[in-house]
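In: Provided below are the primary sequence and the corresponding predicted coordinates.
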Amino acid sequence: MAKYPTPLISPRLRGWLMAFVLALACAGVAGPAFARTVFDGAWSVLIITQSGACDRAYRYDVHISNGQVLHDEHGAVSLQGQVARDGAIRVSVSAGDNRADGSGRLSRDRGSGLWRGQGSAGACAGNWEAERRE
């Protein structure tokens with residue numbers, strides 16, 4: 001009968017080490033959208049129309065939580081957006097047949113970018129500015 005060498009690590013300790021390594025590997029897989037960001041908090045966003053027949057300006061309050069952009073008011077407006085770790089932001093807003101997409105960049109306290117949309121009055125476009133409210 002062949003003899004196998006005695007393991008240097010007990011099977012129980014080996015099991016714990018494997019679980020620990022697996023937990024570390026899984027922690028590294030989580031994306032930036034699931035981690036708190038420096039951009040999290042309350043923001044006020046001014047949307048300015050530069051072309052098209054849309055209203056001249058709108059102001060919205062939004063909240064960023066774990067990199068996700070959320071609209072503070074509930075109702076007919078649907079807002080989806082995400083902020084990357086470097087501050088790059090992309091947002092889509094829709095209400096009924098109206099839709100707009102925006103992109104830009106945030107710093108810790110301010111942000112700006114461009115938007116383009118389509119509504120009942122036709123195509124519109126412009127820029128946006130944001131400032132932290134906290």
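Out: Sure thing, it's come through.

In: what pLDDT does the residue nearest in space to the middle of the chain get?
Out: In the chain, the centroid-proximal residue (CA atoms, centre = their mean) is Gln82; its distance is 2.0 Å. Note on Gln82: pLDDT of 96.

In: Now do the contacts for it.
Out: 33, 67-69, 89-90 (CB atoms under 8 Å, 6 or more residues apart in numbering). The C-beta positions use only the backbone N, C-alpha and C, and glycine is treated the same way.

In: which of these are buried?
Out: For these, a neighbour count by 16 or more other CB atoms under 10 Å gives the buried set as 67, 69, 89.

In: follow-up on the earlier one: quick one: which of the contacts of Gln82 is nearest Phe39?
Out: Gly67 (7.1 Å; CB to CB).

In: Verify the stated contact: the closest one with Val83.
Out: Yes: between Gly67 and Val83 a contact is recorded at 5.0 Å, counting by CB atoms under 8 Å.

In: Need the overlap of contacts for the two.
Out: Contacts common to Gly67 and Val83, judged by CB under 8 Å, 6+ apart, are 37, 39.

In: Ignoring the adjacent residues along the chain, who's closest to Arg132?
Out: Using CB to CB, 6 or more residues apart in numbering and skipping residues adjacent in sequence, the residue nearest Arg132 is Asp109, 4.7 Å away.

In: That neighbour contacts Arg133, correct?
Out: No: look at Asp109 against Arg133 with CB under 8 Å: they stay out of range, at 9.9 Å.

In: what bridges to Gly102?
Out: Counting by DSSP bridges, Gly102 forms beta bridges with Val91, Trp115.

In: Count residues in the vicinity of it, would you?
Out: 22 (other CB atoms under 10 Å).

In: My read is that it contacts Val91, right?
Out: Yes: using CB under 8 Å, Gly102 is in contact with Val91, at 4.7 Å.

In: Quick one: end-to-end distance for stretch 47-55.
Out: 10 Å (CA to CA, to the nearest Å).
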